[in-house]
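# I'll drop the sequence and a predicted model, then ask my questions.
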Amino acid sequence: MGLSAEAFASLVDVNVADIQAWDTGTQDAPSSLLVRCARALALTVDELLDGELAKAAMPGLFLRATAHEGKLDDVLKLSDDLALFVETARTIERLQRGSSGGRPALPEPPAELWCGVAEAPYKADELGTWLRDRLGITSLHIPSMRDIFERLGITIVWARQEEMSPLVDGASLLSPRPTALVHLIEGPSCWWRTRMTLAHELCHLLCDFTDEHRNLALVSPTSTGDAEAPLGTRAAGGRPWELFKSFPWLEQRASAFASHFLVPDDALRVVLSGQDPVSEIAVTAVCSAFGVGRITAVSRIKHVFGLGEDLRRQMLRRPHVERHPAEHPDLPPTRCGVREGVLLDEVAGALSEGRIDRVEAHRLLDLALTEWLPEHPWLSDEKRKPLRSVEEDVRAIVGVRLARALRVGHHPANVTRSDAGWRVSIVDRSGEPVGEQQLSFNLEAERANPSA
C-alpha cells in the first residue's frame, strides 16, 4: 500500500507490533479487526482481503500527507468522518451501477482558472464568473445550490449534526462518482450555511482532483475566518489545517470561490447602491439578496468596499437579528443522515427489486440483524422486519463461546433479561441444566470477545 506500519497502525488504531505480525503471517488478524481495518480504509472486507487498496481514498490521503509535508495528526482528527463519507459514497455508486441514464460530465475550467494563483483571491472571482456564465446564470443571486448539483449529476450526502465531529464542515469525492458531503453543524434550518458548503465543495470537485489524485477524497474543516484573506493572516482564521502541503491554499481558494460565486462583486454593488456599506441595513440586504450568512456578507462587503479587518470584526460583533426566511430551496431533505438519505433510498430500491437481500440491506445500513430497517415508502413491514430476535443473537454468541471452550454437548437454552444484562442457561444433550452465562446489553462488545 505504501504506508509505513506506524502510519497504518495510527489509521486503524491498533498496535504496530500487531500490524507487523499480520504482515509476516506470524499472527492472524481477528475478524473484528478486519472489519475495523476495512472501515478505516472505506473498503469492504472482501476488497481488503483481495488487496484492492488502489480503490482506497483513505491510504491515498495518508500517503499524500506523509509525502507532501502534511501533518499526520491533522489527518487522524478527521479520518473517521472522512472514511464514513467515502464508504457511503462508494456504496451508493455500487448500488446505482448499471442504472439507466448516464451522468453529465462536470464542466472543465480553463487552465489558468483551474490552477489559480498564490495571492488572494486566487482567481476564485474569475472562476466564479466563468461558472455562472457556463451554467447560464444571469440573476444576481443563485436560486438553489441543490438544483445546480442535481443538474451537474453530483450526489449530496447529508450528515446530521450529531453524526460527525464539529471539526468537519464538508467533504468531496470525484471517483467513482462526484459526491459531496454536507455536515449540518448548526442544524438543518441553517440553509445559508449549506449553500456555502455546497459552493465550497463544488470548487474542489471542479479544480482539485487531478489525474494523479483522482481517487482521493478531500475533507473541508470548519472555519469562521475571512474566505478571501491571505493565508496565514489573522483575518483568515486560526492555524490552517495541513493535511498536505498545498491543502491550506486549496481550502482558502474554495472558500473564496464560494463567496464570489454566491455574491459577485458587481451584483453586490448593485444591491448596496446608495447605502452605507458599514450599516447593519446593508449587511441584512446582502444576506437577503444572496442567501448567505452574516460572516460571508460582511467579508464580501469588506473586500468590495475596501474596509479594514478591524472594522470587519466590529461589524460581526455588533448586536443584530437574523432575518433569514424559514423556507428555502436549499433546505436539506426532511429525511437526512449519512445512512438515512440517498443511501437508504438506494438500499430500499435494490431490496425491493431483489438486487440485494435483507442481510445485505442490514449490513449496508450498519444495522444489527435484530433491528428493523428504517421506514421507507418502498419497503413493506415484511421487508423491514428483523431477521432474528435479540434472544437468538444472544444464544449465537454464547454458542460460539461454548464451542471455543470445547464444551462438547453443551448448548445455550433459555434467555432471560435481568437488570445487569442477559442470562443464558446452559443445558446438555438431555436438556438438563449444567450452568449459566451472563452477557451485558452491549452485544457488539460481547461478540468481539468470543472467549469471555
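Done, it's in.

# can we go C-alpha only for contacts and neighbour counts from here?
Fine.

# helices of the stretch 201-350 of the chain, start to end?
Counting by DSSP state H, counting those that start in this stretch, the stretch 201-350 of the chain has helices at residues 247-262, 265-271, 280-290, 294-305, 309-317, 342-352.

# which other residues reach the fifth one?
Residues from elsewhere that reach helix 309-317 (C-alpha atoms under 8 Å, 6 or more residues apart in numbering): 235, 278, 280, 294-295, 298-299, 302.

# let's have the helices of the stretch 201-350 of the chain in JSON lines, adding mean pLDDT, distance to Glu391 and mean neighbour count.
Formatted as JSON lines, the helices of the stretch 201-350 of the chain follow (pLDDT from 0 to 100; distance: least, C-alpha to C-alpha, whole Å; neighbours: other C-alpha atoms under 10 Å):
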{"stretch": "helix 247-262", "mean pLDDT": "92", "distance to Glu391": "50", "mean neighbour count": "25"}
{"stretch": "helix 265-271", "mean pLDDT": "95", "distance to Glu391": "64", "mean neighbour count": "16"}
{"stretch": "helix 280-290", "mean pLDDT": "95", "distance to Glu391": "55", "mean neighbour count": "19"}
{"stretch": "helix 294-305", "mean pLDDT": "94", "distance to Glu391": "53", "mean neighbour count": "21"}
{"stretch": "helix 309-317", "mean pLDDT": "91", "distance to Glu391": "57", "mean neighbour count": "14"}
{"stretch": "helix 342-352", "mean pLDDT": "94", "distance to Glu391": "26", "mean neighbour count": "21"}
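
# export the ones you listed to JSON lines and tack on distance to Gln27?
Formatted as JSON lines, those follow (distance: least, C-alpha to C-alpha, whole Å):
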{"stretch": "helix 247-262", "distance to Gln27": "38"}
{"stretch": "helix 265-271", "distance to Gln27": "62"}
{"stretch": "helix 280-290", "distance to Gln27": "60"}
{"stretch": "helix 294-305", "distance to Gln27": "54"}
{"stretch": "helix 309-317", "distance to Gln27": "58"}
{"stretch": "helix 342-352", "distance to Gln27": "36"}
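
# of all those helices, which one is nearest Ile137?
Judged by C-alpha to C-alpha, the one of those that comes nearest to Ile137 is helix 247-262, at 10.5 Å.

# could I get the contacts of helix 309-317 as CSV with distance to Thr138?
CSV is the format used below for these (distance: C-alpha to C-alpha, whole Å):
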residue, distance to Thr138
Ala235, 31
Val278, 27
Glu280, 27
Arg294, 24
Ile295, 25
Val298, 23
Ser299, 23
Lys302, 24
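
# which residue packs closest to Trp422, ignoring adjacent ones?
Leu439 (5.0 Å; C-alpha to C-alpha, 6 or more residues apart in numbering).

# and stretch 259-268, how far apart are its ends?
Chord length of stretch 259-268, first to last residue, is 11 Å (C-alpha to C-alpha, to the nearest Å).

# what does it contact?
124-125, 128-129, 131-132, 140-142, 196, 199, 227, 286, 290-292, 296, 300-301, 304.

# how about stretch 440-448: buried residues?
Buried residues in stretch 440-448, counted by 16 or more other C-alpha atoms under 10 Å: 440, 443, 446-447.

# stretch 163-181 too?
164-165, 168-175, 177-181.

# out of these, which are inside helices?
Judged by DSSP state H, those include no members of helices.
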